[in-house]
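Visitor: Show me the folded form of this:
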Amino acid sequence: MLDRTRAQVLKGEAAASVTMVGIGLILHGRRDVLPVSLIRQICTFSQRNALPLHVASCAYLSALNPIGDRDEKRRLTEAEIARFETLHGQEDSEANGGLAGHVQALKACLPRS
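Guide: The predicted structure is shown next:
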């Protein structure tokens, strides 16, 4: 089941992405904290397929990750925001899942360095 779900995620199926995150949370037994391995997995999907959901999710997860060096997390977040804008534009369109507005909000909420 995991292999089939992973294949669907790589094709860009949003429902499969949600399922994959849910499976990861169940396997780790904690609903309140996303494990670093899950964040890495989503960011790996982002790098592999550049789908709007994965790129935006990686940006958010990098920004919200409570573990790690603050400057490194900011660099990763800014890189994913730039990737999203380059790949999918800044307009909320059906093609990018309406995520551009969320990415712009994240960008506005980042504290100045």
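Visitor: Mind listing what's buried along stretch 58-71?
Guide: 58-63 (16 or more other C-beta atoms under 10 Å). No exception for glycine: its C-beta is placed from N, CA and C like everyone else's.
Visitor: Ok, stretch 6-19 next?
Guide: For stretch 6-19, burial by neighbour count (16+ other C-beta under 10 Å) applies to 6, 8-10, 12-13, 16-17, 19.
Visitor: which one of the residues you listed is nearest residue 72?
Guide: Nearest to residue 72 among these, counting by C-beta to C-beta, is residue 17 at 24.5 Å.
Visitor: which one of the buried residues of stretch 6-19 sits closest to residue 91?
Guide: residue 12 (19.3 Å).
Visitor: any idea how far the residue lying closest to that closest one once chain neighbours are set aside lies from residue 83?
Guide: Leaving aside its chain neighbours, residue 12 sits nearest to residue 51 (4.5 Å; criterion: C-beta to C-beta, 6 or more residues apart in numbering). Counting by C-beta to C-beta, to the nearest Å, the separation of residue 51 from residue 83 is 11 Å.
Visitor: The two: which has the busier surroundings?
Guide: Using other C-beta atoms under 10 Å as the criterion, residue 51 and residue 83 rank with residue 51 on top: 23 against 18.
Visitor: wouldn't that one be in contact with residue 13 here?
Guide: No. Residue 51 is not in contact with residue 13 according to C-beta atoms under 8 Å; the separation is 9.3 Å.
Visitor: where does the residue nearest to residue 98 when sequence neighbours are not counted land on pLDDT?
Guide: Distance criterion C-beta to C-beta, 6+ apart; nearest residue to residue 98, sequence neighbours excluded, is residue 92 at 4.8 Å. Residue 92 carries a pLDDT value of 76.
Visitor: now swap in residue 5 and tell me
Guide: 82.
Visitor: Ok, the one 3 residues further on next?
Guide: In this model, residue 8 is scored at 86, pLDDT.
Visitor: could you pull out the strands for this protein?
Guide: Counting by DSSP state E, the chain has no strands to list.
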